Structures are given as C-alpha cells and as structure tokens.
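Participant: Task: produce atomic coordinates for the following.
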Amino acid sequence: MPRTIVRFLEAGTASTARWGVQFGTRIAPLPMQPQTTGELLADHWDALWRIDASQATVPLETVRLLAPVTQNQQFICQGVNYRSHVEESGLRVENFPFNTIFTKAPSCITAADAPVTRPRHVQLLDYEIELGLVMRRGLTAGAKVDGDDLGAWLAGVTIVNDLSARDVQLPQGQFYKGKSYRGFGPVGPGLVLLAPEEWVRWPELHMRLAVNGQPRQDAYCRDMIHAPAATLTELAAMHDVQAGDLIATGTPAGCAVRAPGRLAMFVLRHLVSDAAKWRLFIGKGRANPAYLQPGDRLNLSIRTDDGAIDLGQQTTLITTD
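Facilitator: You can find the predicted model right below:
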C-alpha cells in the first residue's frame, strides 16, 4: 500500500530537517538523514519500505512539516496539459499536439501549509492544482518509458500548486519569471510512494482546489493530454533528469485567468496593439474576484475516490509584504 514520506522539524530541537514515514497521526523518523530528496530516494529506497508503524514515535502535531522536495532538485512543469484548461484559455486542443514544457525556480518550493506572499507589484495572482511526479532514479539518455513500468522510474506523487503572476507571465511572455517568485511552489504535505502495481491508478486521482471554501478546480488526472510515460520518454531525449526531481503535470479548468470571447479575441488580434491589448487584459483582470487576494485561504487535495491513495491536503494563506 502507499507510503507517505515527510520532511519535518521537531519542536524544541536543533533546526535540522529530518525525514520520516507517516503512519496516521505519528511519524517514524528515519535512522539516516540525507540532505536531499534525491539522496533519500537513490540511496535508501529499500529502507523506506522496511520502516513499520511500531517505530512511529513522533506525534504529527508536534512537528512542522517542510516540503518533501528539497530546493536543489529540478522543478519541471507541463503547460496546457488538460483539455479543459486549453479550452478555457480560448485555445483549441488540436492546435497543441506538442507537450509544452518549462521550469520553475526550485527556490520557490515551500511547505504545504506555509503562507505565500503576493509581491506588491503582482495584482493577478492565480492558482493551479497539479499532480507532482517525483523521480526515483535518473532518466538515462534515450530511455523509453512504458506506461506499465512507471514504478521503475518514479518514486511517488505529491500535490503541487503552480502559483502564477498572470500580469507578469502573459504580458511579458515569461513563464519562468511569472511562476518563480519565492513561495510560488507549495509542495506536499508529503511524498506518497507507490508500489509498482499501484501506478496504474494514477488516472483515478481526483484533484480538488477551493478558495475560501468555494470550489474552483475539480478534475481527474485521467484528463491529461500527455501522460507520464510519454512525458518521461520525451524528457529523456532532451536532458538529464535525476532522482528527486519534480515534474508538475499541468492543471485542469477552473483557474482565475479567463480568455475573452471570440469576437473580443478577433478585435484584440487585428485592431489593437500588443501594448494596448495587455493593458486591457490587466485592467479587466483587476476586476475579476477570482484572482487571489491577501487573506485568501486555499485548500487543495488529491486522492482516489476510495481513499486508497491519498496525498493529503494543502492549506495556503495568501499574505502581502
């Protein structure tokens, strides 16, 4: 059955991050304390499965959970990877036969319950719930990953919120910049390891995101356009991917950003300058209450409907500097 790995700080102890296996409301600390997610997974894989519930001595309520992916790892992302999100963006799925891949700065990774500061110059802060895949080992050049062999390459899954400053990302055409402010990558609360036979259930994972209790995103991972095996194979042909690296697999419909109607799109495309178009976009966005404001609280969860695979819950408070 799935096994949840957590990284944490114990109250009243030296500020050194520790690793453990979560069993219900208690944690079994690992005897080894690797510095990175990659080191943990590459060097101690078998040990992670040998720990049992009798060793769970640390109450969950006495620790502060950290992101289970350390900031030295690559943070690779897929864009427009859900049909519903492509359509709500005013685009056509058939015009995107390719896999859109970009990166976020690993320094934006933060804990699942850490407050996130909206920079003062950002007005259009958006959310994106995503299934995060964490590598078990490195992808070798030219590797071919089969859908039935995901467990040989992937360690587990986690919740990712790909927070995005739309008024930076879109007008400036800078995905990396608009998505990489510090704190813009809540990850966790844990890394849920899956046994090889459990990987076939990834399409059943049900993603939900709410803002202040209002449901915004609700979809199953089966709606991905480019599935994990195809994405891993494509990445292997491009560049090195190592144990512990994080791949965020895209978001479904329900984001705050909205495309204008077809008539408005025609007018903007043919009769309005780029500078004026983006001024209108930002002006209209400021009147859209779906964008995140200081004081908003997000709740994110990903699990199968029968609860057999449960990635936990993120609770994020938006603040301002």
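Participant: Are we agreed that residue 280 is in a helix?
Facilitator: Yes. Checked against DSSP: H, G, I helix; E, B strand; the rest coil, residue 280 lies within a helix.
Participant: Could you give the number of residues near it?
Facilitator: Neighbours of residue 280 under the rule other Cβ atoms under 10 Å: 14. All C-beta spots, glycine's among them, are computed from the backbone N, C-alpha and C.
Participant: What separation do you get for it and residue 72?
Facilitator: Distance, residue 280 to residue 72, by Cβ to Cβ, to the nearest Å: 41 Å.
Participant: Can you pull out the low-pLDDT segments for the protein?
Facilitator: 12-14, 259-273, 275, 277-278 (pLDDT under 70).
Participant: what's the neighbour count on residue 20?
Facilitator: 26.
Participant: now do the one 5 residues further on
Facilitator: For residue 25, the neighbour count with other Cβ under 10 Å is 9.
Participant: Check residue 281 too.
Facilitator: Neighbour number of residue 281 under other Cβ under 10 Å is 18.
Participant: now do residue 225
Facilitator: For residue 225, the neighbour count with other Cβ under 10 Å is 19.
Participant: Residue 10 too?
Facilitator: With other Cβ under 10 Å as criterion, residue 10 counts 17.
Participant: give the contact list for it.
Facilitator: The neighbours of residue 10, taking Cβ atoms under 8 Å, 6 or more residues apart in numbering as the test, are 18, 58, 62-63.
Participant: Sort out which of those residues are buried, if you could.
Facilitator: 18, 58, 63 (16 or more other Cβ atoms under 10 Å).
Participant: Leaving out the residues flanking it, which one is nearest to the second one?
Facilitator: Counting by Cβ to Cβ, 6 or more residues apart in numbering, residue 27 is the residue found nearest to residue 58 once chain neighbours are left out, at 4.3 Å.
Participant: Kindly report the same for residue 302.
Facilitator: Residue 302 sits nearest to residue 311 (Cβ to Cβ, 6+ apart), 4.3 Å away.
Participant: my guess is that neighbour meets residue 221, correct?
Facilitator: No. In this structure, residue 311 is not within contact of residue 221 by Cβ atoms under 8 Å, at 11.0 Å.
Participant: if we can go back for a sec, output the contacts of residue 10 as JSON lines; include the columns secondary structure.
Facilitator: Formatted as JSON lines, these follow (three-state DSSP):
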{"residue": "18", "secondary structure": "strand"}
{"residue": "58", "secondary structure": "strand"}
{"residue": "62", "secondary structure": "helix"}
{"residue": "63", "secondary structure": "strand"}
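Participant: what's the helix or strand for the residue nearest to residue 58?
Facilitator: Here residue 27 sits within strand 26-29, counting by DSSP states H and E.
Participant: what sits up against that strand?
Facilitator: Contacts of strand 26-29 (Cβ under 8 Å, 6+ apart): 6, 8, 18-22, 51-53, 55-60, 63.
Participant: Just the ones of those in strands?
Facilitator: Using DSSP state E, the members of the contacts of strand 26-29 that fall in strands are 6, 8, 18-22, 58-59, 63.
Participant: Which parts of the stretch 51-200 of the chain are strands?
Facilitator: 58-59, 63-66, 75-79, 100-104, 109-110, 116-118, 125-126, 129-135, 154-161, 164-165, 185-186, 191-193 (DSSP state E, counting those that start in this stretch).
Participant: Contacts only, for residue 76.
Facilitator: The contact partners of residue 76, taken as Cβ under 8 Å, 6+ apart, are 101-103, 235, 241, 245-248.
Participant: So in terms of bridging, what pairs with it?
Facilitator: residue 103, residue 247 (DSSP bridges).
Participant: Packing partners of the lengthiest strand in the chain?
Facilitator: Assignment by DSSP E gives strand 310-320 as the longest strand of the chain. Strand 310-320 is packed against strand 116-118, strand 154-161, strand 191-193, strand 297-303, with contacts defined by 3 or more Cβ pairs under 8 Å, 6 or more residues apart in numbering; DSSP states H and E.
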